[in-house]
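Asker: Make a model of this:
(one chain, ligands or ions: 1)
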Amino acid sequence: MPSRNPTPNRRRIETRMDISNQTRITVLCLAMLLVCGLALTALAQGSQSSQKIKILIVYHSRGGHTAEMAKAVAEGARKNPQAEISVKPVAEVKCAELLATDALVVGSPVYWSNMAGEVKTFFDRFSTECGVLPPTFQMRDKIGAAFVTGGETSSGKEIALMTIVAAMLGNRMIVISEGQALGAAATTGEGKAPVTEKELDEARRLGERVAQITATLKRGKKN
Ligand SMILES: Cc1cc2nc3c(=O)[nH]c(=O)nc-3n(C[C@H](O)[C@H](O)[C@H](O)COP(=O)(O)O)c2cc1C
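Answerer: Numbering: from 1, shown residues only. Okay, here's the model as predicted:
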């Protein structure tokens, strides 16, 4: 008649089987946790990198040089797959797109060592028409950058850039530069000389940096 108590050998075998089963379950649970963790991280990274950023590039141009620079800024920004870019003359900008944009890049020819009146009118108009005045400051924390073209080497390009940048700072925007110290610039010899490849490249770099910083800032705001 078989004994009711298992032999010590059998007990040892059963205990070992219990331990190996427990180990297997623990390893399985850990593996599942790891897979879930990796999936969630990939999902989070995916949604962050696919997040779109809006970049509005506006300009005034009679002779086409500033418009050419605007196109180069857009080319640079387009290198960033997240960027949705709109390029248009200042007179055509609507409040809705201004308020919806994540970044605003403004280009002007130098008129009397300053930004062109049309560009100043754009800033004045959006202050009143679009209600971005204090205390709401609806343009607050949007990225801003500037570019200019001027006839002479040293006849107001930096002042024009500064006046654009000052208007942006007044709106509590976050101003960045690239190309030259204060933004991109081209010297056009009273509008007769073409914009050089070097100047266009500086404008492209400005656009590229605007897109890069805007994407980083938007990602940071979400976290
Ligand atoms: C009314 C007026 C004033 C200008 N004043 C300046 C100036 O102070 N300094 C300068 O470097 N160029 C000046 N320019 C030249 C323009 O800035 C230059 O030709 C510019 O590249 C024109 O840009 P656009 O081709 O996009 O119209 C002036 C041009 C005009 C029409």
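
Asker: Helices of the protein, residue ranges please.
Answerer: Listed in chain order, the helices of the chain (DSSP state H) span residues 8-49, 65-78, 95-100, 117-129, 157-170, 197-222.

Asker: Those residues of this structure touching the ligand, which are they?
Answerer: Residues of the chain lying near the ligand by C-beta under 6 Å from any ligand atom: 61-67, 109-113, 149-152, 155-156, 188, 190-191. For glycine as for every other residue, the C-beta is placed from the backbone atoms N, C-alpha and C.

Asker: One more pass at 5 Å, please.
Answerer: Applying C-beta under 5 Å from any ligand atom, we find that the chain lies next to the ligand at 61-63, 65-66, 109-113, 149-152, 155-156, 188, 191.

Asker: Give me the buried subset of the residues you listed.
Answerer: When neighbours are counted using 16 or more other C-beta atoms under 10 Å, these contain these buried positions: 61, 65-66, 109-111, 149-151, 156, 188.

Asker: Can you add distance to residue 182 and pLDDT and give those residues back as TSV?
Answerer: Below are those laid out as TSV (distance: C-beta to C-beta, whole Å; pLDDT from 0 to 100):
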residue	distance to residue 182	pLDDT
61	19	98
65	18	98
66	16	98
109	16	98
110	13	98
111	17	98
149	14	98
150	13	97
151	18	96
156	12	98
188	18	97
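
Asker: give me the number of residues near residue 104?
Answerer: Here the number of neighbours of residue 104 (other C-beta atoms under 10 Å) works out to 24.

Asker: sorry, back to before: now tabulate the helices of the chain in JSON lines and tack on distance to residue 144.
Answerer: What follows is these, written out as JSON lines (distance: least, C-beta to C-beta, whole Å):
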{"stretch": "helix 8-49", "distance to residue 144": "23"}
{"stretch": "helix 65-78", "distance to residue 144": "13"}
{"stretch": "helix 95-100", "distance to residue 144": "12"}
{"stretch": "helix 117-129", "distance to residue 144": "11"}
{"stretch": "helix 157-170", "distance to residue 144": "4"}
{"stretch": "helix 197-222", "distance to residue 144": "9"}
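
Asker: any idea which of these is most buried?
Answerer: For the helices of the chain, average neighbour numbers computed from mean count of other C-beta atoms under 10 Å are highest in helix 65-78, which has a mean of 23.

Asker: Mean pLDDT per helix and strand in this protein: which one sits at the bottom?
Answerer: Every helix and strand of the chain was ranked by mean pLDDT, DSSP states H and E. The lowest is helix 8-49, at a mean of 70.

Asker: Any idea which of the helices of the chain gets closest to residue 143?
Answerer: Distances from residue 143 to each of these were compared by C-beta to C-beta, and the smallest falls on helix 197-222, at 4.7 Å.

Asker: taking the mean pLDDT, what do you get for the closest one?
Answerer: Helix 197-222 comes out with an average pLDDT of 95.

Asker: between it and helix 65-78, how big is the angle?
Answerer: Calculated by axes from the mean of the first three to the mean of the last three C-alpha atoms, to 10 degrees, helix 197-222 forms an angle of 50 degrees with helix 65-78.
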